[in-house]
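# would you be able to build a 3D model of this:
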Amino acid sequence: MNRIVYIILVLGIGIFAYNTLSAKKSHKFDIISEKRNINLMLDSFNVAAAKADYSTYFNFYCDDAIFTGTDAKERWNKKEFMVWAKPFFDRGKAWNFKSLQRHIYFDKTGNLAWFDELLNTQMKICRGSGVLVKQGKSWKIEQYILSATIPNPIMDEVVKMKAGAEDSLMNVLRK
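Numbers count the residues shown, from 1 in each chain. As a prediction, the model looks like this:
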């Protein structure tokens with residue numbers, strides 16, 4: 001009886017170890033290649049906006065994506081953002097952002113990534129950040145956040161300038 005229990009125990013440990021090692025192997029991914037793919041995707045995403053290529057630009061987003069803009073009232077799902085952005089694309093000139101510096105990070109599976117970057121824009125330096133998901137072999141934007149940067153030495157002036165517009169919004173949001 002002890003020998004049967006021993007054999008079952010050894011087989012169980014062996015199966016567990018095999019499954020654990022197999023699972024770890026499946027989580028390996030080529031981080032250099034995936035960063036290259038994401039860099040290419042994000043650069044192409046920015047080029048599509050600069051060329052006012054509406055379909056290409058919005059194909060970079062997941063169907064349930066969220067876009068958050070620089071104004072506190074700008075938080076849209078993909079369909080809402082498409083409606084808001086359409087007039088800019090229709091006039092043949094949307095926005096022209098170029099990455100100055102980009103950081104990319106991954107979860108352990110390699111199927112979820114997030115990034116932050118400094119962008120050269122018509123608003124001077126902005127920060128773009130977001131969450132990306134891998135769908136098949138392509139990366140898609142699940143969430144994108146565009147923020148205007150404010151140098152610390154002029155923050156007090158900027159706060160005074162935006163106080164009138166944002167105080168009333170803060171009162172509404174507090175309720």
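
# output the contacting helices and strands for the helix or strand where I145 lies.
Taking DSSP states H and E as the definition, I145 sits inside strand 138-148. If contacts are counted by 3 or more C-beta pairs under 8 Å, 6 or more residues apart in numbering; DSSP states H and E, strand 138-148 sits against helix 31-50, strand 61-68, strand 124-135. (C-beta placed from N, C-alpha, C; glycine too.)

# again, only this time at 6 Å
Using 3 or more C-beta pairs under 6 Å, 6 or more residues apart in numbering; DSSP states H and E as the contact test, the elements touching strand 138-148 are strand 61-68, strand 124-135.

# gap between the residue nearest to T121 when sequence neighbours are not counted and A85?
Leaving aside its sequence neighbours, T121 sits nearest to F97 (C-beta to C-beta, 6 or more residues apart in numbering; 5.0 Å). Distance of F97 to A85, computed by C-beta to C-beta, to the nearest Å: 13 Å.

# give me the common contacts of those two.
With C-beta atoms under 6 Å, 6 or more residues apart in numbering applied, the contact sets of F97 and A85 do not overlap.

# looking at those two, which has the bigger crowd around it?
Using other C-beta atoms under 10 Å, the more surrounded residue of F97 and A85 is F97, with 22 against 19.
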